Each structure stands twice: as structure tokens, then as C-alpha cells.
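>>> Sequence and computational prediction follow.
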Amino acid sequence: MRETVCVIGLGYIGLPTSMLLAKHGFKVVGIDVNPQIVNGLENGRIHIEEEGLSGIFAEVRQNESFRVLHEPCPADIFIIAVPTPISENRHSNLDYVISALRSITPVLKKGDLIILESTVPPGTTSDIVAPMLLRAGYDAGCDVFLAHCPERVLPGKIVTELVENNRIIGGYDERSSERAAALYRSFVKGEIITTTATNAEMVKLMENTYRDVNIALANELAKVSAKIGVNALEVIHLANKHPRVHLHSPGPGVGGSRRSCSHRRGGACRPPSSAELPTFRRSSRCFRWTARCCCLAATCRCRFSSRAI
């Protein structure tokens with residue numbers, strides 16, 4: 001008998017993940033609170049432009065392995081893939097995660113697997129999610145399985161990278177790690193690495209911090225280069241000839257498909273050319289990015305660009 005997976009949140013991660021699971025033998029139920037998303041999917045329209053996604057959607061609709069609802073239903077596996085935006089005090093806002101957890105507890109049963117894919121501060125799975133499940137009558141690691149499995153994909157290549165990239169599986173306990181790993185092995189061709197939930201949360205934070213810091217560095221280089229008449233792209237190219245240097249290309253900042261980007265091709269950001277840099281520097285709403293660790297966020301200080309990692 002096929003297992004049923006209930007995916008909470010049908011955004012840039014939840015929808016492609018749902019499609020891949022449905023394609024690889026699972027019965028998938030997608031849940032979203034946005035009625036436009038639900039109605040669109042019910043009528044055969046997807047709201048995300050990603051290479052390969054529309055073809056998979058048509059396939060899983062035809063074989064009836066995917067359906068969409070407004071509220072969670074009983075399932076064997078629950079995946080939470082909701083936003084964790086940055087609040088006004090620059091802390092990670094977990095309201096959507098908490099709301100998603102509350103929505104699934106009435107339909108949970110013993111033996112179910114709960115996976116948190118949303119990017120969260122280290123300790124969230126063990127200190128927030130597990131106690132919430134316990135209050136609902138389910139002891140994580142005994143009654144239900146619990147894991148944090150962060151995504152690591154590039155907008156524009158999400159479907160490909162969900163399949164080909166290595167995947168970190170952070171279990172609340174060892175049995176939870178193995179149960180979650182078995183799910184992702186159904187469609188992931190990359191290496192599956194198991195660890196603890198808190199380790200996985202910290203890994204995701206460090207991956208994003210590395211990107212944020214290095215993008216900020218490249219943009220600062222572009223600013224200085226434009227001021228003194230140096231070709232920033234040539235400087236980066238030559239510096240990267242060093243065996244231990246890997247400077248990023250300057251661009252509009254961090255965020256990919258989740259925020260506006262005037263220098264975007266096919267869903268992915270591209271760096272401005274050397275000729276564009278001075279104009280880009282003046283015209284971009286937010287070119288000066290600075291890494292600033294606030295619990296989870298490495299964000300720009302301007303009012304236009306704070307974002308959840």
C-alpha cells in the first residue's frame with residue numbers, strides 16, 4: 001500500500017517536493033492557506049515557474065497521485081515547508097511553523113513521520129516542535145518520528161537540485177533519521193547524510209551565512225572598484241586563480257526567486273557586467289549588503305531587503 005504524504009505549504013520548496021514525491025510512488029496531498037494557490041492547482045495551473053515542474057505536474061495530475069486541500073488530512077508523513085520570515089526585531093518568525101504544527105496535530109496518529117523543511121534557528125526541532133507534539137499527546141521518538149531536513153536548492157534549478165544535491169537528514173533520534181532518510185532516498189540521487197536535528201539546523205544556517213557574507217563581500221568589492229576605476233569582474237577572475245580563494249560575483253543581493261531582482265534570467269540572478277556596475281550601483285534599491293547575524297538572519301540594513309534565510 002502506498003504511503004500518503006501531506007505537504008504543508010506549496011511554495012518554491014513545498015510544491016516541487018510534492019511533485020517529486022508524487023512522481024516516485026507516493027500519494028501526495030498538498031496543503032496551502034492561500035485560496036488562489038489551491039484553486040489554481042485544482043484547475044491545472046501552477047503558480048511557480050521552474051524548469052521541468054509543469055511536466056511533472058501534468059503527469060501526477062493525470063495519474064491522480066497528487067491532490068490539493070485547504071486543511072491537512074490523515075497521512076503517514078507530514079512535511080512542513082512554510083516561510084520563516086524575519087520579524088521587526090530581526091528574529092526568525094516561527095508563527096507559520098507553529099500554525100502548521102497545530103493544523104496537523106488533530107490528524108496525527110502513532111507511527112507518523114513529521115519533517116520540518118523550513119529554515120529555523122538551531123534548537124527549534126527539539127525545543128519547540130517536540131514539546132508541541134508532546135502537549136498534543138505524541139512523544140517524539142516514541143509515538144511519532146521527527147526530523148529536520150533543510151533544502152539546499154537554487155531558484156531556477158529547484159527540480160534538478162532537489163534530485164541531484166546531497167541531502168542532510170537531521171533526526172530527533174536515530175530511528176527518526178532512518179525513517180526520514182528512506183523517504184528522501186525515493187527521489188534523491190545525491191548523498192543522504194544523517195545527523196542530529198540541531199546539527200542540521202546549524203548546517204543550513206552556516207550554508208546561508210556563507211553565501212550572504214560572500215555575496216556582501218563581492219558587492220563591496222564592486223562598489224570600491226567602481227569608485228577607483230577598477231574592473232571588478234577582472235579582479236575577481238584573477239583572485240580566483242589562487243587555489244584557496246573563491247570570490248563570488250557581485251549581484252543584486254541575496255534572495256533568489258523570493259524577492260524582486262532586476263538582473264534575473266530564467267529565475268536565477270546574474271551578476272551585472274563591468275559596464276553595468278556603476279549604473280547598477282546607483283539604480284539598485286539595495287546594493288549595499290552587510291552580513292548581520294540576528295539569531296537566523298544575515299540581512300541588509302535597508303528597509304527594502306530584509307529576508308528569511
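Sure thing, it's come through.
>>> can you pull the buried residues of the longest helix along the chain?
Determined from DSSP state H, the single longest helix within the chain is helix 197-228. Of the residues in helix 197-228, those buried under the neighbour-count criterion (16 or more other Cβ atoms under 10 Å) are 197-205, 208-209, 212-213, 215-216, 218-223, 225-226. Any C-beta I mention is one placed from the backbone N, CA and C, and that applies to glycine too.
>>> How about stretch 23-39?
Residues of stretch 23-39 classed as buried by neighbour count (16+ other Cβ under 10 Å): Lys23, His24, Phe26, Lys27, Val28, Val29, Gly30, Ile31, Asp32, Val33, Ile37, Val38.
>>> again with stretch 142-149
Buried positions in stretch 142-149, judged by neighbour count with 16+ other Cβ under 10 Å: Asp143, Val144, Phe145, Leu146, Ala147, His148, Cys149.
>>> mind checking the SS state of the third one?
I take that to be Phe145. Reduced to three states with DSSP: H, G, I helix; E, B strand; the rest coil, the structure at Phe145 is strand.
>>> Bridged to it, which residues?
Leu113 (DSSP bridges).
>>> I figured it was touching Tyr172, is that so?
Yes. Distance between Phe145 and Tyr172: 7.4 Å, which falls inside the contact criterion (Cβ atoms under 8 Å).
>>> one step back: make JSON lines out of the buried residues of stretch 142-149 and add pLDDT.
Rendered in JSON lines, the data for these read as follows (pLDDT from 0 to 100):
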{"residue": "Asp143", "pLDDT": "98"}
{"residue": "Val144", "pLDDT": "98"}
{"residue": "Phe145", "pLDDT": "98"}
{"residue": "Leu146", "pLDDT": "98"}
{"residue": "Ala147", "pLDDT": "98"}
{"residue": "His148", "pLDDT": "98"}
{"residue": "Cys149", "pLDDT": "98"}
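>>> Distance to Leu116 added to those, as JSON lines?
Compiled in JSON lines, the buried residues of stretch 142-149 are given as follows (distance: Cβ to Cβ, whole Å):
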{"residue": "Asp143", "distance to Leu116": "17"}
{"residue": "Val144", "distance to Leu116": "13"}
{"residue": "Phe145", "distance to Leu116": "12"}
{"residue": "Leu146", "distance to Leu116": "8"}
{"residue": "Ala147", "distance to Leu116": "7"}
{"residue": "His148", "distance to Leu116": "5"}
{"residue": "Cys149", "distance to Leu116": "7"}
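>>> Now do the same contact list for the nearest residue to Ser87 once chain neighbours are set aside.
The shortest distance from Ser87 to any residue other than its chain neighbours is 4.4 Å, reached at Asn93 (Cβ to Cβ, 6 or more residues apart in numbering). In this structure, Asn93 makes contact with Thr84, Pro85, Ile86, Ser87, Ala308, judged by Cβ atoms under 8 Å, 6 or more residues apart in numbering.
>>> Which residue, neighbours along the chain excluded, lies closest to Gly44?
Taking Cβ to Cβ, 6+ apart as the measure, Gly44 lies nearest to Arg61, with 6.5 Å between them; neighbours along the chain are not counted.
>>> Met202 against Pro122, yeah?
Yes. With contact defined as Cβ under 8 Å, Met202 and Pro122 form a contacting pair (4.6 Å).
>>> I'd like the mean pLDDT over stretch 165-182, please.
When pLDDT is averaged along stretch 165-182, the result is 98.
>>> Kindly format the C-alpha coordinates of it as PDB.
The C-alpha coordinates for stretch 165-182 follow below in PDB (Å, rounded to 0.1, in the frame of the first residue of the first chain):
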ATOM      1  CA  ASN A 165      22.100  17.600  -4.500                       C
ATOM      2  CA  ASN A 166      23.300  15.900  -1.300                       C
ATOM      3  CA  ARG A 167      20.800  16.000   1.500                       C
ATOM      4  CA  ILE A 168      21.200  16.500   5.200                       C
ATOM      5  CA  ILE A 169      18.700  14.500   7.300                       C
ATOM      6  CA  GLY A 170      18.600  15.700  10.900                       C
ATOM      7  CA  GLY A 171      16.700  13.200  13.100                       C
ATOM      8  CA  TYR A 172      15.300  13.900  16.600                       C
ATOM      9  CA  ASP A 173      16.600  10.400  17.300                       C
ATOM     10  CA  GLU A 174      18.300   7.700  15.200                       C
ATOM     11  CA  ARG A 175      15.100   6.000  14.200                       C
ATOM     12  CA  SER A 176      13.700   9.300  13.000                       C
ATOM     13  CA  SER A 177      16.800   9.900  10.900                       C
ATOM     14  CA  GLU A 178      16.500   6.500   9.200                       C
ATOM     15  CA  ARG A 179      12.700   6.900   8.600                       C
ATOM     16  CA  ALA A 180      13.200  10.400   7.000                       C
ATOM     17  CA  ALA A 181      16.300   9.200   5.000                       C
ATOM     18  CA  ALA A 182      14.200   6.400   3.500                       C
END
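>>> Much appreciated, bye for now.
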